[in-house]
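>>> got a sequence here, can you build the structure:
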Amino acid sequence: MASRFAARLLLAFLAWGAAAGVAMAHPHVWVTMKTQVLYGPDGMVTGLKQDWTFDDAFTAFALQGLERNKDGSYPDSVLKPLAEVNVTSLKEYDYFVRAKTAKSQVKFKDPTDYSLTFENDALTLHFVLPLEKPVPAKGLMTFEIFDPTMFVSFSFAEKEPVSLGGTPGACSFQVLAAKGPEAGTLTEDFFSSLTSSSSYGAQFADRIQVKCP
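Numbering: from 1, shown residues only. Modelled structure (predicted):
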């Protein structure tokens, strides 16, 4: 059962165009996201809580042929393994999240508290991405969420895209929209050459800037 879930998710993220048998321009999967910056009792930044809602087409593909409840929902026996495969398969890509302070890059540990929900015909992946080492909230931190291969397109939700959980003092944030070139002007051969270490997708990433006095 686990191998079937793994094959399904990896195929969907990394080779959906080939599986569908059609010519498709990048991106192939669209994710609408919400991000919460988490703070500890001592005021340190401890991690990010992510909520990623997948587009209808990807949702239908990922769930195709899987068991449903009589009310149309999906049981935990389907959603729990699917959530685990999602976060496991994204490790190579550092979970699509980059962060830095004014002085250095910030590293993350593996996700915790991950789950999948199905609502309004869409799958949403929830997970917490803890910082490897908590960092002081004071100053400026920048977060970016993007796929370096441009297979997945990330955009922030229109309503409440970012929140600050347990913030110390008068912290504030802003979302800076990306101004990258049109991805459609490039060929599929170009995108096929991109890897998890490529930097091309960064120019399409919306950024979160959080500032604490």
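>>> how about the strands of this structure, start to end?
Using DSSP state E, the strands found in the chain span residues 29-39, 44-54, 97-101, 105-106, 112-119, 122-136, 139-145, 152-156, 162-165, 172-176, 207-212.
>>> could the ones you listed go into JSON lines alongside mean pLDDT, mean neighbour count and distance to residue 87?
All C-beta spots, glycine's among them, are computed from the backbone N, C-alpha and C. JSON lines is the format used below for those (pLDDT from 0 to 100; neighbours: other CB atoms under 10 Å; distance: least, CB to CB, whole Å):
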{"stretch": "strand 29-39", "mean pLDDT": "93", "mean neighbour count": "19", "distance to residue 87": "14"}
{"stretch": "strand 44-54", "mean pLDDT": "95", "mean neighbour count": "21", "distance to residue 87": "10"}
{"stretch": "strand 97-101", "mean pLDDT": "91", "mean neighbour count": "18", "distance to residue 87": "12"}
{"stretch": "strand 105-106", "mean pLDDT": "92", "mean neighbour count": "14", "distance to residue 87": "19"}
{"stretch": "strand 112-119", "mean pLDDT": "95", "mean neighbour count": "15", "distance to residue 87": "5"}
{"stretch": "strand 122-136", "mean pLDDT": "95", "mean neighbour count": "17", "distance to residue 87": "6"}
{"stretch": "strand 139-145", "mean pLDDT": "91", "mean neighbour count": "18", "distance to residue 87": "14"}
{"stretch": "strand 152-156", "mean pLDDT": "87", "mean neighbour count": "20", "distance to residue 87": "14"}
{"stretch": "strand 162-165", "mean pLDDT": "90", "mean neighbour count": "15", "distance to residue 87": "20"}
{"stretch": "strand 172-176", "mean pLDDT": "89", "mean neighbour count": "13", "distance to residue 87": "24"}
{"stretch": "strand 207-212", "mean pLDDT": "90", "mean neighbour count": "18", "distance to residue 87": "21"}
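>>> of those strands, which approaches residue 73 most closely?
Shortest distance between residue 73 and the strands of the chain, using CB to CB, is found for strand 112-119: 6.2 Å.
>>> so in that sheet, which strands flank the closest one, and in what orientation?
Its sheet considered, strand 112-119 pairs with strand 122-136 (antiparallel) by DSSP bridges.
>>> kindly calculate the angle that the strand it pairs with makes with strand 207-212.
Here the directions of strand 122-136 and strand 207-212 differ by 40 degrees (axes from the mean of the first three to the mean of the last three CA atoms, to 10 degrees).
>>> start the count at 11 instead of 1 going forward.
With the count now opening at 11, the last piece we talked about shows up as strand 132-146.
>>> quick one, what contacts residue 56?
48-50, 140-141, 144 (CB atoms under 8 Å, 6 or more residues apart in numbering).
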